[in-house]
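Visitor: I need the structure of the sequence given here:
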Amino acid sequence: MQGRLGRRRSKGSWIWLGVLAMLLTVMPMPTLAQSAPDLSAAKAPVVLDGRELFAIGNSGNFTAEERADIINTALLAEVESGKPVDLTVAQDNNSITLRSQSTDRALMTVTQGDVLPGLSAYSQALVWQQDLEMAIRRARLERSPRYVNEALLFAAGVLLAAIAGHFGLRLFARIANRQVTRLLGHPASPLHPWEQTIKLFIQLALLGFQTGLWVAVGVYVTDLFPHLRSGRYKIFDLLNAPVVSLGDTYYSALQLLLLLGFTVGLWFAVRALTRLFKAYVLARTGADSAMQEVIAVLTQYILMFLGLIVLLQIWGLDVGSLAILASVLGVGIGFGLQNIANNFISGLIITLERPIQVGDFVKVGELVGVVDRIGARSTEIRTLDQVTIIVPNSRFLESEVINWNHGNPVSRIKLPLGVAYGSEIERVQAALLEAAKEHPDVLVSPTPQVWFKGFGDSALNFELLVWIGEPKKQDRIKSDLYYRIEVNLRRYGVEVPFPQRDLNVRSPNLEAFLGRWLQDHAPAPEPQLYYPDGATRDRPSTPISPDPQLILPERSPLAVGAHGPFPCGFSLEDVDLTELVAAMQGEHGVEVRDRRYLFHVYPDCFVGSEAVEWLLQALRCSRDEALEVGQRLMDEGFIYHVLDEHPFRDGYFFYTFQKPSQAS
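Guide: Got it, this is the predicted structure:
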């Protein structure tokens, strides 16, 4: 299961890397960095319907962008006028102007700042006159109904071809995957380890080709219609506008997105290289998995750091200028980020020294549980209540940690016990050792021991010492042992005392005072009935009936059977299940009533955990034996799960004495 999840995560990483690579390949890319703009030599393009015609410069109090906006507005108005295209070049007072004779509108003025090297202002105006006439005629043609209809047909055909190409590429990739499975799927093939890698590359190529296909279709379709082409141009012009300046270099939003994309792509590439290094190099060194993971993580961080430096250098950033950022980061670590840095360093130390590992049963402060995951900043501990708690790594180095699995998982647990004064200590020792030796989770070697701890106020204090191999089960083992000890003490006739206190009062006049008080407050004698024969008889008193007890009689088949393997003195084969079910349904049996869970009501059912507690008291057995009895009741058809989905469990599960179909 973990292998499949790992392959899925790896596949997802390669897919995202393919998306980034294809987007960065097909996306129109400007220059990586733009120098600081020179206002005296700034140029702005003249655009009509998303097509750049030529660039103009500053003139007088007007900047190049302001002049370009005025000219673009005039050209759009000339296109929408619908009058014949007739542009002339007029020269007046050392200024050259392009005018429209049809609308008598001045379109633009040619200045010396607009002229290309080697041309005069008049010659430049003649060249631009031809360019503007061609652009206006093309714009009017693209707005004609005939052209729009033909463009719609072309766009529909291109979309249908793109859909066919999309599914054709998918079919080709499926066939290629089948061929790879046929050739490399057998474990005996020498290239079998490369099967998943080749399939990932096929998926990457498929995703890249499909993305490139749809990007090309989008560019072609938007280029057919002038309004869509203008919108596309405005979007890219907005993305190419400088938004961030570092020194003398300006960066646009698109360039920052590309830098972010290359950084993410570098991260995925480094992860892929690290996995290959771990799978084909570290796996053959014979080092354990934890050390391999440490080396792989360090290699990944080093490669990522070096790759970022190279990427920033290629992008045009001076890495030396980042020294200020590094110093600010150092101050931040010294103050606000101190705890975070402490946890990261602690995580690295834990990974190298390995005082705890995944699967260890540990105690940190008041937290007791199993280590589920060790991360760079924190560690996840799953408690015995199945609750996951995230603990900062620094706590494992700054405070005392009990690790029962460190080195050797065998550990000793202590069970204190007090018995009444006058008990035979040989019987006490035999009862405790018998309970320990019969438990399956208690180790035979080292052998269990019983220590006499001393004389208490009202009891003789003993301590049972046993060794176990699974520390995380110590609470359950203690509970089972106490159950067995209680049964054995009853069988051996050893009494567990309750605390007693004696009050001794010394007063010479107290005895006389109590005598006078009792004489004054003595009750009047009860009247007696006199009979003719002279005999007197006391009034009969009504006997008090004791409450029924839950515990079964000692000679009941439910409590005592043949000599079986269980410490409570019975075997499952000797239990009369019919009598047991009758007792469970009786007055002092399990509580049977309607139960509600979420939005459903289950009638006439009882809870599995309550049934287990009832069996513990009725049969005087351990919890495992009670679960075994409950499962046998289900196998014999005496009890059923309300949904017929679960076996007999010690939890909040509903069971009934009727079949689910009958109960409903």
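
Visitor: Which positions within the host helix or strand of R275 qualify as buried?
Guide: Secondary structure assignment for R275, by DSSP states H and E: helix 253-280. Under the neighbour-count criterion of 16 or more other CB atoms under 10 Å, helix 253-280 has 254-255, 258-259, 261-263, 265-272, 274-275, 277-278 buried. Where you see a C-beta, it was placed from the backbone N, CA and C, and this is true even at glycine.

Visitor: again with stretch 214-228
Guide: In stretch 214-228, counting by 16+ other CB under 10 Å, buried: W214, V217, V221, T222, L224, F225, P226, L228.

Visitor: With only the CA atoms kept, save that stretch in CSV.
Guide: Taking C-alpha atoms only, stretch 214-228 is exported to CSV below (Å, rounded to 0.1, in the frame of the first residue of the first chain):
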residue,chain,number,x,y,z
TRP,A,214,-4.2,23.5,-26.8
VAL,A,215,-1.9,26.5,-26.3
ALA,A,216,-1.2,26.6,-30.0
VAL,A,217,-4.9,26.3,-30.8
GLY,A,218,-5.7,29.2,-28.4
VAL,A,219,-3.1,31.4,-30.0
TYR,A,220,-4.3,30.6,-33.5
VAL,A,221,-8.0,31.1,-32.7
THR,A,222,-7.4,34.4,-30.9
ASP,A,223,-5.3,35.6,-33.8
LEU,A,224,-8.3,35.2,-36.2
PHE,A,225,-10.5,37.8,-34.5
PRO,A,226,-9.3,41.3,-33.9
HIS,A,227,-11.0,41.8,-30.6
LEU,A,228,-9.6,38.6,-29.1
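
Visitor: circling back: with pLDDT and distance to V575 as added columns, please give the buried residues of stretch 214-228 in a markdown table.
Guide: Output for the buried residues of stretch 214-228, formatted as a markdown table (pLDDT from 0 to 100; distance: CB to CB, whole Å):
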| residue | pLDDT | distance to V575 |
| --- | --- | --- |
| W214 | 93 | 72 |
| V217 | 92 | 76 |
| V221 | 91 | 80 |
| T222 | 90 | 82 |
| L224 | 90 | 86 |
| F225 | 90 | 86 |
| P226 | 89 | 91 |
| L228 | 90 | 83 |
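
Visitor: can you name the two of the residues you listed that are farthest apart?
Guide: W214 and P226 (22.1 Å; CB to CB).

Visitor: need the strands for the stretch 401-550 of the chain, in chain order.
Guide: 401-403, 411-419, 449-455, 460-468, 529-530, 536-537 (DSSP state E, counting those that start in this stretch).

Visitor: What mean pLDDT does the fourth one get?
Guide: What strand 460-468 shows for mean pLDDT is 93.

Visitor: What lies in contact with it?
Guide: Here strand 460-468 makes contact (CB atoms under 8 Å, 6 or more residues apart in numbering) with 410-421, 423, 425, 428-429, 432, 435-436, 439, 441-443, 445-446, 448-455, 474, 477, 481, 485.

Visitor: List the buried residues for the helix or strand E380 falls within?
Guide: Secondary-structure assignment from DSSP H and E places E380 in strand 378-383. Going by neighbour count (16+ other CB under 10 Å), the buried part of strand 378-383 is S378, T379, E380, I381.

Visitor: And stretch 55-72, by the same measure?
Guide: Applying 16+ other CB under 10 Å to stretch 55-72 flags I56, G57, N58, S59, F62, A64, R67, A68, I71, N72 as buried.

Visitor: Same question for stretch 639-657.
Guide: I639, Y640, H641, V642, F648, R649, D650, F653, F654, Y655, T656, F657.

Visitor: farthest pair in the residues you listed?
Guide: Farthest-apart pair in the buried residues of stretch 639-657 is D650 and F657; separation 18.6 Å (CB to CB).

Visitor: what's stretch 338-345 in contact with?
Guide: Contacts for stretch 338-345 (CB under 8 Å, 6+ apart): I333, A376, R377, S378, P392, N393, S394.

Visitor: Verify the contact between the last one and S346 for me.
Guide: Yes - taking CB atoms under 8 Å as the definition, S394 is a contact partner of S346 at 4.5 Å.

Visitor: if we can go back for a sec, can I get the strands of the stretch 401-550 of the chain in CSV with mean neighbour count?
Guide: Putting the strands of the stretch 401-550 of the chain into CSV (neighbours: other CB atoms under 10 Å) gives the following:
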stretch, mean neighbour count
strand 401-403, 15
strand 411-419, 16
strand 449-455, 13
strand 460-468, 19
strand 529-530, 10
strand 536-537, 9
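
Visitor: could you pull out the helices for the stretch 151-300 of the chain?
Guide: Remark: helices assigned in the stretch 151-300 of the chain by DSSP state H, counting those that start in this stretch are 195-224, 226-239, 253-280, 289-315.

Visitor: Which residues outside stretch 122-140 are in contact with it?
Guide: Under CB under 8 Å, 6+ apart, the answer for stretch 122-140 is 48-49, 51, 53-54, 75, 78-79, 82, 85, 87-89, 91, 96, 98, 107-108, 110, 114-116, 119, 226.

Visitor: buried ones in it?
Guide: Buried residues in stretch 122-140 (16+ other CB under 10 Å): Q124, A125, W128, Q129, L132, A135, I136, R138, A139, R140.

Visitor: got the CA positions of it in CSV?
Guide: Extracted in CSV, the C-alpha atoms of stretch 122-140 (Å, rounded to 0.1, in the frame of the first residue of the first chain):
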residue,chain,number,x,y,z
TYR,A,122,10.0,62.8,-44.5
SER,A,123,11.2,59.4,-45.7
GLN,A,124,10.2,57.8,-42.4
ALA,A,125,6.7,59.3,-42.8
LEU,A,126,6.4,57.8,-46.3
VAL,A,127,7.3,54.3,-44.9
TRP,A,128,4.8,54.6,-42.1
GLN,A,129,2.2,55.9,-44.5
GLN,A,130,2.3,52.6,-46.3
ASP,A,131,2.3,50.5,-43.1
LEU,A,132,-0.7,52.4,-41.7
GLU,A,133,-2.7,52.0,-45.0
MET,A,134,-2.1,48.3,-45.0
ALA,A,135,-3.0,47.9,-41.3
ILE,A,136,-6.3,49.9,-41.7
ARG,A,137,-7.3,47.9,-44.8
ARG,A,138,-6.6,44.6,-43.0
ALA,A,139,-8.5,45.8,-39.9
ARG,A,140,-11.6,46.6,-42.0
